[in-house]
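**Student:** Dropping the sequence and predicted coords here.
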Amino acid sequence: MTTYRTADEFGDRFDCAPVNLTENDAVFPVESYLREHGERFAARWRAERFLALSLSADLHNVNPAAIQTPCVLVATDNDAIAPRAQIDALARELGAPCRVVDLPSRNGHDAFLTEPDALTPILRTALNASILS
């Protein structure tokens, strides 16, 4: 759960001090967030489906040079899952014209979900360009 967001965001949202400290345990504010999101995720996804998705991500094998469709890649600040360096490397390896666009966000990989107002013009421009070519 934590790799989809940034350390800065979590630092601003959750205090580091425990809210319940006993002799043998400590409960931190971020725990309720992680527990709630984990429970929601588990309620929507069967374990077998998640394992299949994870395996398909691990086994995918696409040669970027074989991609012949012009594209736009969107990179966001502090994305731990698809870091900017990987996006730039992919852009260099693609077999078609490619443009990398920055999506400013403190939300890391989840920016495409949390920043619709910033993402919409990027997508609109990319789609309009593909219609015109």
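**Tutor:** Okay, I see it. Numbers count the residues shown, from 1 in each chain.
**Student:** quick one: least confident helix or strand in this structure?
**Tutor:** Every helix and strand in the chain was compared by mean pLDDT, DSSP states H and E; the lowest is strand 20-21, with a mean of 78.
**Student:** Parallel or antiparallel, which strands does the helix or strand just after it pair with?
**Tutor:** Using DSSP states H and E, the helix or strand that directly follows strand 20-21 along the chain is strand 26-27. Taking DSSP bridges as the criterion, strand 26-27 forms sheet pairs with strand 20-21 (antiparallel).
**Student:** chain center to the strand it pairs with, what's the gap?
**Tutor:** 32 Å (C-alpha atoms, centre = their mean, to the nearest Å).
**Student:** could we number from 11 for the rest of this?
**Tutor:** Sure thing, new numbering starts at 11, so read that last one as strand 30-31.
**Student:** domains of the protein?
**Tutor:** Listed by automatic domain parsing, the domain ranges of the chain are 12-68, 72-142.
**Student:** Quick one: mean pLDDT over the last one.
**Tutor:** For domain 72-142, mean pLDDT rounds to 92.
**Student:** can you give me the helices in this protein?
**Tutor:** Assigned by DSSP state H, the chain shows helices spanning 17-23, 39-54, 57-69, 94-103, 121-124, 126-142.
**Student:** Just say which of those helices is most tucked in.
**Tutor:** helix 121-124 (a mean of 17; mean count of other C-beta atoms under 10 Å). Glycine gets a C-beta too; all of them are placed from N, C-alpha and C.
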